[in-house]
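Trainee: Quick one, fold the following:
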Amino acid sequence: MKKLIFGVAIAALFLSACNNKSATTSSAADSAAMMTAKNKQTALNSEIAFSKGDVAAAFKDYSSDFVEYGDGTSKPKKNQDSLKIETKEFFAAFPDFKGDKIHAVAEGDTVMISGIWTGTFKKEYMKMKATGKSFKVPDVDIYTFNKAGKITSHSDIQSEATFLYQLGVPMPPKKK
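Mentor: This is a model prediction of the structure:
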C-alpha cells in the first residue's frame, strides 16, 4: 500500500511540474500577444492622428531613436523636430488629407496598416506650387516597435512619384 501511495504522490508531483511549465509558456505567449495587440493599437492611433492633422498625437509614441525610411528612395530621416515641421507643412498643403478603408495587421514587433489615402494640393509644399488637384493612392505603412512599445521606424511602399503624377506636379529631370 505504501508503494502505491508513494507512486501516486510521485505521479502527482510530475504532473504538477508539467502543468506549471505549460502555464509559464502560456503566460509568455499571452504576454507577447498582448504586446502585439498594443503595438497594433498604437500604430492605428498614430494613423488616426495623421488623418486628423494632429502632429503631436501622431508623433506621441515615437521612440527617441525613431527613423523615417519613407519608400526607400531617399535617405532615412532621424530628426523628429524636422519631421514634425515637414508634417505640419504637409498638412497645410493638403488640409483635407485623410485615410480611408484602414486595415491593420500585426506580428511580433511589426505592424502594417493599409488604406486609401486622399488629399488635395491647396498650398505650396517643399517649393512645389499647388495644383488644386487631388490624389487617391493605396498605400501600406510599416511600423516597427521596441520592447517598450514605442515606434522605432516607419516606412511605406508607395512611391512619391505616384502622388506627384496624380497632382500634376512636373517630375524633375533625371540625372545623367
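
Trainee: all helices for the protein, in order.
Mentor: 2-52, 55-59, 80-93, 160-167 (DSSP state H).

Trainee: least reliable of these going by mean pLDDT?
Mentor: Here those differ in mean pLDDT, and the lowest is helix 2-52 at a mean of 71.

Trainee: Run a quick neighbour tally on the residue nearest to E47 when sequence neighbours are not counted.
Mentor: For E47, ignoring the flanking residues on the chain, the nearest one in space by C-beta to C-beta, 6 or more residues apart in numbering is I113 at 5.4 Å. In this view, the C-beta of every residue, glycine as well, is placed from N, C-alpha and C. As a burial measure, I113 scores 21 neighbours (other C-beta atoms under 10 Å).

Trainee: which ones are touching I113?
Mentor: By C-beta atoms under 8 Å, 6 or more residues apart in numbering, I113 lies in contact with A43, L44, E47, I102, H103, A104, V105, V140, D141, Y143.

Trainee: What is the distance between stretch 147-157 and the centre of its chain?
Mentor: Using C-alpha atoms, centre = their mean, to the nearest Å, the distance from the centre of stretch 147-157 to the centre of the chain it belongs to is 6 Å.

Trainee: Revised request: answer the last question for stretch 41-61.
Mentor: Its chain's C-alpha centre lies 10 Å from the corresponding centre of stretch 41-61 when counted by C-alpha atoms, centre = their mean.

Trainee: Ok, stretch 126-133 next?
Mentor: Here the centre of mass of C-alpha atoms in stretch 126-133, compared against the chain's by C-alpha atoms, centre = their mean, lies 27 Å away.

Trainee: measure that stretch end to end?
Mentor: Taking C-alpha to C-alpha, to the nearest Å, stretch 126-133 runs 16 Å from one end to the other.

Trainee: With stretch 45-61 instead?
Mentor: End-to-end distance for stretch 45-61, by C-alpha to C-alpha: 9 Å.

Trainee: rewinding a little: just the contacts of I113: which are in strands?
Mentor: Among the contacts of I113, the members found in strands (DSSP state E) are I102, H103, A104, V105, V140, D141, Y143.

Trainee: Buried ones only from the residues you listed, please, as a ChimeraX command.
Mentor: Applied in ChimeraX, the following selects the buried portion of the ones in strands among the contacts of I113 according to 16 or more other C-beta atoms under 10 Å:
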select :102,104,141,143
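
Trainee: Turn the ones in strands among the contacts of I113 into TSV, columns for distance to K88 and pLDDT.
Mentor: What follows is the ones in strands among the contacts of I113, written out as TSV (distance: C-beta to C-beta, whole Å; pLDDT from 0 to 100):
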residue	distance to K88	pLDDT
I102	22	92
H103	27	93
A104	25	95
V105	29	96
V140	24	96
D141	19	96
Y143	21	98
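
Trainee: For F145, give me its contacts.
Mentor: N39, T42, D109, T110, V111, I151, T152.
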